[in-house]
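S.K.: Structure for this input, please:
(2 chains)
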There are 2 protein chains.
Amino acid sequence: MRQTFISLTIAASLGFMLGGCAVSTHSTSADAKQESAITIANKTPELALAMQVKNASEESDLAYEIVKSLTVEVGPRIPGSQGDKRAVAWAEAKFNEMGFDKVYKQPVRVRNWERGFADAKVVAPFPQELVITALGGSIATPESGLEAKVVMFDSLASLSEADKATVEGNIVFLNTRMQRDKAGKFYGKVVPNRVAGAVEAAKMGAKAVIIRSVGTDNSRFAHTGVMRYDEEVEKIPAGAISTADADNLEAMFSSEQDVVLNINMQAKDAGWQTSYNVIGEFTGTEKPDEVVLISAHLDSWDEGTGALDDGAGVGIVTAAAKIIKDTIGQPKRTIRVILYAAEEIGLVGAYQYVRTNRESLENIIFAAESDFGAGKIYQLDTRFDEAVRNDPSDLYAALKSMGVELGNNTTNGGPDVSMLPNYGVPVIALKQDGTYYFDYHHTPNDTLDKIELDDIRQNQTVWALITAYIANSDFDPRPAPKR
Amino acid sequence: MRQTFISLTIAASLGFMLGGCAVSTHSTSADAKQESAITIANKTPELALAMQVKNASEESDLAYEIVKSLTVEVGPRIPGSQGDKRAVAWAEAKFNEMGFDKVYKQPVRVRNWERGFADAKVVAPFPQELVITALGGSIATPESGLEAKVVMFDSLASLSEADKATVEGNIVFLNTRMQRDKAGKFYGKVVPNRVAGAVEAAKMGAKAVIIRSVGTDNSRFAHTGVMRYDEEVEKIPAGAISTADADNLEAMFSSEQDVVLNINMQAKDAGWQTSYNVIGEFTGTEKPDEVVLISAHLDSWDEGTGALDDGAGVGIVTAAAKIIKDTIGQPKRTIRVILYAAEEIGLVGAYQYVRTNRESLENIIFAAESDFGAGKIYQLDTRFDEAVRNDPSDLYAALKSMGVELGNNTTNGGPDVSMLPNYGVPVIALKQDGTYYFDYHHTPNDTLDKIELDDIRQNQTVWALITAYIANSDFDPRPAPKR
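M.R.: Next comes the predicted model:
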C-alpha cells in the first residue's frame, strides 16, 4: 500500500477520522482491517460512520443466518402458495424481532400457478424418461398426455424461418445452449426461448414446446422460469428438459427414425391470491422523508428452497440495514428495506409498489435490489444525476480498496427497481460474480449449501457501507438521468 | 527424459523392437508418442505388439462411442426391467457388429425390483418437501404413507447404542457425511448405513429408516443403492434423501419442536425375471483354452442412464478388445469380454458365471473388471503368483511411463471378479481417480456428459496395453496367492 502522507484527527464523540492519504488499490482483509487506522483523501463524516459499519459487518454472519432461517423455516414460496403466505409472516416476524421501527405490508394480487405433475417419455426411437419441468404459467397437457413427433431447432430464429408444414402438429424442441459468463450475459440471449417459445411455436402450428433448460450446468435438473402467452395465439403447453436430457434427446436425432415424445404436465392456474410486499424501516432522525430504498424479492420458484434466488438478497439487504442500526444507530435519512412479492412472475410486487406509492417516489434518494445470488460484488454501476455523480469520491475510493470498481452511470438497477428511473428515481446496481449462478437458477438445486459464507458476507458489507454512507449524508443524486 | 543408451533392431514382419534404454519416468502424451521410437530394457515381443495397440488406442474414441451408444439407445437398465432386456440385445448386437468371433449369453435369474413413486414431506416444524429415493430392494410404505417423529443419529453405532425407547415407533434418520477421496475410500465406511440401516433400525423398533445419501455432492439428487433385509428382523421401508435435504432436515432439529416426517414410497418386488451375462470372445490362435477375462457390468440403477456406472466399464473393456483385434489381429490366447448381469443387486451375474463355469475357471490367466467410472488410471494392483509376479517388468515400465504405478499384489479386483481368487484365479485392479465419482454414483445425474473423452481414452489405452501384452505372452500368473 502506498501512502503519500498521513494525518490523523480524532473527534471522540462521533469517532470521525479526518485526514488524507492515497488509498491502497489492493483489497485484502488485512488491508480492510487496517483501513480504520489509515485515512482517505477528502474523507467525509459519512465515510467514517460507514467504515465502522463495514468493520462490524466483516465480523457478522447475519446475512447467512437470515437466508438459513428463510430456507429452513419457510423453503419454497411461489406466489400465492402456502409457502408464500408463510414467507410473509416470517418476514414480518423477522423485521419485528430485529427492531425495525416501522414494519408494514402492502397487498399485491397474484395469480397462483401450481406446477403439478410433469413427465416426459421418449417413445421412439429409444424409450427413455426425460427430466422435465413445466415453465411458469404453462397450461396443462391433456390428462392422458400429449404424444407427437419432435422437431428440433437450434434457436427461435430457426423456428420462425422453418417451413410451417414441418412443424404443424408436432412438438417443437428449442435446443439452444447457454455459455457461462461472470456477468451472466448469455442469459438474455437464451431466455427468449423460455419466455416466447410457446407463442412462436404455436404460430407455426406446434402442439407443445420443450426447451433445453436455460442454465449453465450439465445435470439432470430442469430450470423453470416464467413464460408468456399471447391472447391472439393459441396456448400450448411449455416445458423445460434438463441439459443432460437435452443432450440425450439431441443424440437420438442421429438415428433414422422419427423422434416421438409423450409429455404429461398437469400444471394448474389456481386463481387469484393475495401476497404482500413486506417493508421494514429505520426512520431517519434528521430527514425522515428522504428514503434510501434497498430491496430483494421474497418469493421464489417452488422446486428449490430459493436460497440464491432470492434468499441471498433478502439476507444481504436485511442484514445491511440491521448492522447499520446496531453499529452507528438510527440513520439521518430513512432506510427502507422492501421484500417484494411475486418478482418471478413479472415484477408484480414492484409494479404494485409504484402504483401505491406514486406520489412519494420523488422522496427516494436511491433504490437498489440484490437479486443475483451470493457471488462476490466486483463493480458499482449507478444512475445518478451527472452533475453530482462523482461527488462521493471517498466512498468510491473505499469501495475500490475492497475490490469494487466504479462502473457505468446508465444502469436500471435490479429487476424490481428497474422501472423507477422512469420516474426520476436514482438507482444503483452492485454487479456480482455470476459464473455459477445459472447452474442452480430456477432448479431444485437452489439450496443453502450453494452459498459461501465469505461471499455473502462480502455482499452484506458492501451494501452496508454504501447504505450507511448515503443514509447519513446530504449527497443527493436526484433526479436519475434519462436514457 | 533421460536415456542411457539406445539400440534399435527392427524385425519387419512383426514390427518387433528390441534393444535397451532406461525408460522415462515422466508421462506426457509427447513422451508416449515417442515411445515407439525408444526401446525399453528387456523388452519382449508381446510388449512391442502391445505398444502398437497403445498407439492405435490413443487415436480412438471407441470406448466413448460405445458408452454413448449404450446411454442413448438403451439408457436405464435395472435388472429384470425392459431396459435390461434391451441392454442384453444391444450388447449381443454390438459384439456381433464388432466382429467378435464368439458371441453368447448365459441366463441369470434376477429379482425385478421396481422403484415406484417416492415422496417425503416434513410435517413439522417447517412443512417442506424433501427429495427422497427408495433404497434398492426396499419394501413400500403403506399406500397412504407413513408419518412419524424423526430421531437423528450421526452413525449406525450411535443408533445401536441408543435407548430403544427413544427410537421405538419413530423414523430413524442416519446422518453420516461422506468425504471425498481419490480412491473413494470413505464409501466403505458410510455405505453400511445404506446396506444395514433398515435392519439395525428395525431392531430398535423403528418404523422406517432414511439416510443422508451416500455421496460426495452437495445437491438435490438422492443416491440409491442396494440394501439388505434379515429374515429374523422385521422389514421396514428404507430411503435416501439428498445431501442438501439432509442439511435442511438436520437444521430443523434446532427448533424446539419434534421433527415429523411423512414418507410415501411405493416400491414393488415384481418377481423373478431372466437376465443374461453377455460374452464376446476373440478366440486365441495358439492357446485358445487360456483365457484373458476382462469385464464390466451391463446393468445399471434406474434413475440415471448408467454412464459412469457402469457404461464406462462396458465401453472401456469392449473397446480394448476390439482395438487389439483391429491393430494386431487375433491374439494367441483367448480374450473374453464379459458384460455381467445384475451386479448392482449383489454380483448376481458374476456368481452365476462361477457356478456355470466352475470346471473351467482354472483356464483363466487373469480376470479384471472396470467398474469405477471414467477417471484416469494411476495404479495397477495385482494378485499374481509371487514367483512370477515381477516377470513382466517391461510391461510395468511401459505403464509407469504412462503414469500408472505398480501397486500391491493383494487385490481382489473389481466387484464381479472379486470371488475368483478364492478359486485360484489371478486378478488385477486398475485403480482410477474417483475424486468426483461419488458425486454422481447411483443418482439421476449419472449421464454421458459426466465422462471426459480424454479420461476414458486413457482407460481404454491402459486396458488394451495390458490385455494385448498378456494375451500374446506366455506369462502365467496362476494360481492367485491366498490372502
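S.K.: Around the residue in the stretch 251-400 of chain A positioned nearest to chain B, how many other residues sit close by?
M.R.: Minimum separation of the stretch 251-400 of chain A from chain B (CB to the nearest CB) falls at A:Ala251, amounting to 4.4 Å. Placement of C-beta: from N, CA and C, glycine included. For A:Ala251, the count of nearby residues is 16 (other CB atoms under 10 Å in any protein chain shown).
S.K.: name the element it belongs to?
M.R.: helix A:243-252 (DSSP states H and E).
S.K.: who in the stretch 101-250 of chain A is up against chain B?
M.R.: Taking CB under 8 Å from any CB of the partner chain as the criterion, the stretch 101-250 of chain A approaches chain B at residues A:125-129, A:131, A:218-221, A:243-244, A:247-248.
S.K.: Flag every residue of the stretch 351-483 of chain A that's near chain B.
M.R.: Counting by CB under 8 Å from any CB, the stretch 351-483 of chain A sits next to chain B at A:Thr443, A:Pro444, A:Asn445, A:Thr447, A:Leu448, A:Asp449, A:Lys450.
S.K.: does the third one count as helix, strand or coil?
M.R.: Same thing as A:Asn445. coil (DSSP: H, G, I helix; E, B strand; the rest coil).
S.K.: Could you check how far it is from B:Tyr64?
M.R.: Using CB to CB, to the nearest Å, A:Asn445 is found at 27 Å from B:Tyr64.
S.K.: who's more crowded, these two?
M.R.: A:Asn445 (29 against 23).
S.K.: List the contacts of the more buried one.
M.R.: By CB atoms under 8 Å, 6 or more residues apart in numbering or on different chains, the residues touching A:Asn445 are A:Asp217, A:Ser219, A:Phe221, A:Gly304, A:Asp439, B:Ser219, B:Arg220, B:Ala244.
S.K.: Secondary structure element for the closest residue to A:Ile328 other than its chain neighbours, which one?
M.R.: Of all residues not flanking A:Ile328 in the chain, A:Leu49 sits nearest, at 4.9 Å (CB to CB, 6 or more residues apart in numbering or on different chains). Per DSSP H and E, A:Leu49 falls inside helix A:45-57.
S.K.: What average pLDDT does that helix get?
M.R.: For helix A:45-57, the mean per-residue pLDDT is 97.
S.K.: With stretch A:91-98 instead?
M.R.: 98.
S.K.: CA-only coordinates of that stretch in CSV, if you can.
M.R.: The C-alpha atoms that make up stretch A:91-98 are tabulated as CSV, following Å, rounded to 0.1, in the frame of the first residue of the first chain:
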residue,chain,number,x,y,z
ALA,A,91,-40.6,-11.6,7.1
GLU,A,92,-42.9,-9.5,9.4
ALA,A,93,-41.7,-11.5,12.4
LYS,A,94,-38.1,-11.2,11.4
PHE,A,95,-38.3,-7.4,10.9
ASN,A,96,-40.0,-7.1,14.3
GLU,A,97,-37.5,-9.3,16.0
MET,A,98,-34.7,-7.2,14.6
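S.K.: so how far is it from its chain's centroid?
M.R.: 21 Å (CA atoms, centre = their mean, to the nearest Å).
S.K.: One more: stretch A:393-405?
M.R.: Worked out by CA atoms, centre = their mean, stretch A:393-405 lies 23 Å from the chain centre.
S.K.: With stretch A:106-118 instead?
M.R.: 19 Å.
S.K.: May I see the buried residues of it?
M.R.: A:Gln106, A:Val108, A:Val110, A:Arg111, A:Asn112, A:Trp113, A:Arg115, A:Ala118 (16 or more other CB atoms under 10 Å in any protein chain shown).
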